[in-house]
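quick one, what's the 3D model for this:
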Amino acid sequence: MRMFPPILKRLPAVVATLSLSLTLGLSGCATKTPSSETASADGAQTTSQTGVKRVLWLFSPFRIDIQQGNFVSEEMVSQLKEGMTRDQVRFVLGTPLLTDIFHGDRWDYPFRLQKSNGDVITSRVAVFFKDGKMERFEGGNLPSEKDYLARIAGSSTGSK
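As a prediction, the model looks like this:
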C-alpha cells in the first residue's frame with residue numbers, strides 16, 4: 001500500500017478553506033466599513049461605496065434592494081404640530097415601528113434602505129408625547145419624497 005504525504009491528505013480541506021475565504025472576501029459581509037458617508041447628527045445618513053468596492057461588487061452574487069422601517073419625508077414632518085393627538089400623528093407618519101413599554105411617551109420611526117449597489121440610506125425620527133399630546137420630535141435633514149423616489153429609481157437628478 002502506498003503512503004501519501006500528510007499534505008496530500010489535507011489537500012481537499014485546504015482547497016475548501018481557500019475557496020470559502022475567497023468567496024467571502026469578494027462578496028462582502030454585513031459589517032462593511034462605510035466608504036464615504038454624509039450624515040447629520042439627527043437626520044438622514046447616506047453611505048456610498050468607493051470605486052474599489054464597486055469593482056469587487058461585480059464578483060458578488062445578485063443583491064436586491066432592502067427597505068426596512070417607515071420612510072418619513074420632510075413634507076411629512078412639516079405637517080407635525082405641537083399638541084397633535086397620537087391618532088393624528090399616526091395618520092401623518094404612519095404606525096411607529098418601535099414603541100417601548102418603558103418609554104410609553106416616545107415613538108420611533110427608524111428607516112434603512114440598502115441598495116443593491118451597496119449604497120445605504122438611513123434616517124430616524126422620534127416623536128415625544130406628554131399627556132397624550134405631541135410635545136416635540138427629533139430628527140431633521142430628511143430627504144423629500146422627490147429625492148427618495150430619485151434614489152430608488154437610481155437617478156442622480158434628485159437634489160441633496
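
going by C-alpha atoms from here, please, whenever you check contacts or count neighbours.
Fine.

in terms of helices and strands, where is residue 116?
Under the criterion of DSSP states H and E, residue 116 resides outside all helices and strands.

isn't it up against residue 61?
No. Residue 116 is beyond contact range of residue 61, at 10.1 Å (criterion: C-alpha atoms under 8 Å).

and residue 105, what does it touch?
By C-alpha atoms under 8 Å, 6 or more residues apart in numbering, the contact set of residue 105 is 128, 129, 130, 132.

so which of the residues you listed is the closest to residue 97?
Minimum distance to residue 97 across the contacts of residue 105 is 14.2 Å, recorded for residue 128 (C-alpha to C-alpha).

tally of neighbours for the closest residue to the closest one other than its chain neighbours?
Once flanking residues are discounted, residue 128 sits nearest to residue 106: 4.6 Å by C-alpha to C-alpha, 6 or more residues apart in numbering. Neighbour count for residue 106, taken as other C-alpha atoms under 10 Å: 19.

isn't residue 106 right up against residue 130?
No. Counting by C-alpha under 8 Å, residue 106 does not reach residue 130; the two are 9.2 Å apart.

picking that back up, among the contacts of residue 105, name the buried ones.
128, 129 (16 or more other C-alpha atoms under 10 Å).

so which of the contacts of residue 105 are in strands?
Counting by DSSP state E, these place 128, 129, 130 in strands.

take these and lay them out in TSV including distance to residue 73.
Shown next, in TSV, are these (distance: C-alpha to C-alpha, whole Å):
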residue	distance to residue 73
128	18
129	20
130	24
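
TSV please, covering those and showing distance to residue 88 and pLDDT.
Formatted as TSV, the ones in strands among the contacts of residue 105 follow (distance: C-alpha to C-alpha, whole Å; pLDDT from 0 to 100):
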residue	distance to residue 88	pLDDT
128	13	94
129	12	93
130	14	93
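
the strands in this structure, which residues?
Under DSSP E, the chain gives strands at 36-39, 45-48, 66-69, 98-100, 103-114, 120-130, 133-138.

looking at these, which is buried most?
Mean neighbours per residue, mean count of other C-alpha atoms under 10 Å, is largest over these for strand 120-130, with a mean of 20.
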